[in-house]
Structures are given as structure tokens and as C-alpha cells.
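> Next one to model:
(chains A and B)
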Amino acid sequence: DQQVKQNSPSLSVQEGRISILNCDYTNSMFDYFLWYKKYPAEGPTFLISISSIKDKNEDGRFTVFLNKSAKHLSLHIVPSQPGDSAVYFCAARGAQKLVFGQGTRLTINP
Amino acid sequence: GAGVSQSPRYKVAKRGQDVALRCDPISGHVSLFWYQQALGQGPEFLTYFQNEAQLDKSGLPSDRFFAERPEGSVSTLKIQRTQQEDSAVYLCASSFSLSYNEQFFGPGTRLTVL
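Next up is the predicted model:
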């Protein structure tokens, strides 16, 4: 069973607009959530995270929102820039290990 | 370098061969994790260590997979008698400690079994 799901395989956004990436999870025992960004032929790079006791965390252009009742989190990037084009993975931590979604490929168009 | 390094970056093996994949974590990081990423999927947990102790190996797909970290720093993931379904990118990550939330990933080793 897929405990962490990213239902959108791809997303295309115009430069300067807001990008919203979504993630759903099923396990209420997850205590920490993370977003990673991945370029081809590189490992995932940590982007931003949020504890399960919070509902929002902001870092520059990146904001993560957590809705525990809906078991849903989202990553907002504003304004979107061409360098943001990459695959984004959400991950949830449970029992020390990370459980990843399938990823969403974000393309920022000029 | 300051990041996690992995070698080799690419490995081609004939079915039935044994392979060994190496991970050098960030200096001082106590925890080390191995993940397997199939094409088009997210990484999937294999095993993790705290220092030299392997605390969880529940994600290893079969007894052909073996990981070690004898001195609590460098780790090796060994796959015996490789099969085509073992083809994937193998990612290593390290963390300052188990209670530290972020894991920092290496570039991965892409294994292709022919």
C-alpha cells in the first residue's frame, strides 16, 4: 500500500506565478514531513520540512502547509523561477525512516 | 567534500554477478540510510545504521541484499547473484543523529543488471 501519495505526476507553471505541489498520506503516526527536490543524475536535496505539531512553515519563497485532519500537505513556491524546474518528492518520517511519494515533475515556463 | 559521496556512480552487472556499492557519509553523521529508487518512483527504504549497529533492515528485498558499516562511518551495500529486477538507483543518506529530522542524500549509484 502506498502510504504517501503524490497524485500529480507533472505540473507546468508560468514563471513568476505560484506553484502548488500536493501530497497525501495515510499513516497518522508520521511525525515529520519533508520536501526534497531532485535534478537528473543527482540525489534528492532537502528543501523544507514541517513537524506534525505545526500547520505551516515558511522559508523564503517556499512554504509548506500541513492539514492533519485531511492527512494532506502542500508545498507553495512563489514566485516560481526557471531554476525550480525539477522533480519534487514529499516524504514522511515514521520509525526513523522516510517514506516517499512518487514525485511530481515541475516545469517552469518562461 | 562536505556531502555524502557514493561510488561507483554507475555499475553494469551481468545477471548472477555480485556487486558492492559504497557510501561515504558526511563526517560526524551517526545515522546512515540506504534507499532503492526504481525508475519513475520515489526512493524506498532498505536499511539503516546508527554508528555500526544495523537497527532496521526490514526493507531489504531478499537475503541476497546485505549491508554493513563495520567502523561506523563508510557503509557498503552488497547484492549477491544480481537479477534484472535489482536494476535501480541506490541512494545513501546520512543524518546527524536518529532524532535529527533531515537526511542528506548522496548522488546515488545507478545499477543496471543485464
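> List the contacts of stretch A:82-93.
Contact with stretch A:82-93 is made by A:3-4, A:6, A:15, A:19, A:21, A:23, A:25, A:27, A:30-39, A:44, A:47, A:73, A:75, A:77, A:98-101, A:103-108, A:110, B:42-43, B:101, as judged by C-beta atoms under 8 Å, 6 or more residues apart in numbering or on different chains. Backbone N, C-alpha and C define where each C-beta goes, glycine included.
> Could you give me the buried positions within that stretch?
For stretch A:82-93, a neighbour-count test (16 or more other C-beta atoms under 10 Å in any protein chain shown) marks A:Asp84, A:Ser85, A:Ala86, A:Val87, A:Tyr88, A:Phe89, A:Cys90, A:Ala91, A:Ala92, A:Arg93 as buried.
> Please, which helix or strand holds the fifth one?
Put plainly, it is A:Tyr88. strand A:86-94 (DSSP states H and E).
> neighbouring strands for that strand, and are they parallel or not?
strand A:32-38 (antiparallel), strand A:97-100 (antiparallel), strand A:104-109 (antiparallel) (DSSP bridges).
> Any idea what A:Leu21 is bridged to?
Beta-bridge partners of A:Leu21, counted by DSSP bridges, are A:Leu75.
> Next up, the contacts around it.
By C-beta under 8 Å, 6+ apart, the neighbours of A:Leu21 are A:Gln6, A:Ser8, A:Leu11, A:Trp35, A:Ser74, A:Leu75, A:Ile77, A:Tyr88, A:Cys90, A:Thr104, A:Leu106.
> By neighbours, which of the residues you listed wins?
If you count neighbours using other C-beta atoms under 10 Å in any protein chain shown, the busiest of the contacts of A:Leu21 is A:Cys90, which has 29 neighbours.
> measure that one to A:Asp59 for me?
Per C-beta to C-beta, to the nearest Å, A:Cys90 is found 15 Å from A:Asp59.
> Need the residue closest to the centroid of chain B.
Geometric centre of chain B, nearest residue: B:Trp34, 3.5 Å, by C-alpha atoms, centre = their mean.
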